[in-house]
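Undergrad: give me a model of this one.
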Amino acid sequence: MLLDYYTTRAKKGIAFLGNDYCFSTLTPPRQAILKERGWKMTKVVVCSVKKWRGRYFFFILQKEGVGFMDFLPTNY
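TA: Residues are numbered from 1 along each chain as shown. Now for the predicted structure:
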């Protein structure tokens, strides 16, 4: 996972451009790892590129700031 690689090396922030599939890979176990390392999802910016299909998102994670995303650690 790219986030695993970059969250162990970056110091301030990380930004990725991805589609809805990328967004759905932020499973509760992966979010728990991010939280343990001190990373928070601080912003998501939606963009549209006519030549590409679907919507794309800039995911911005930072060590500082207020995170807006949370997770439930168990399955239901």
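Undergrad: residues near Tyr6, how many?
TA: 15 (other C-beta atoms under 10 Å). The C-beta positions use only the backbone N, C-alpha and C, and glycine is treated the same way.
Undergrad: ignore what I typed, I meant Leu61.
TA: 23.
Undergrad: what is the rounded mean pLDDT of stretch 34-50?
TA: For stretch 34-50, the mean per-residue pLDDT is 92.
Undergrad: buried residues in it?
TA: 34, 39-43 (16 or more other C-beta atoms under 10 Å).
Undergrad: from the chain's centroid, how far away is it?
TA: Counting by C-alpha atoms, centre = their mean, to the nearest Å, stretch 34-50 is centred 4 Å from the centre of its parent chain.
Undergrad: and for the residue nearest the centre of the chain, nearest residue in space, chain neighbours not counted?
TA: Centroid check for the chain by C-alpha atoms, centre = their mean gives Phe59 as the closest residue, at 5.1 Å. The shortest distance from Phe59 to any non-neighbouring residue, by C-beta to C-beta, 6 or more residues apart in numbering, is to Phe16 (4.8 Å).
Undergrad: now do Leu26 against Arg9, distance only.
TA: Separation of Leu26 from Arg9 (C-beta to C-beta, to the nearest Å): 19 Å.
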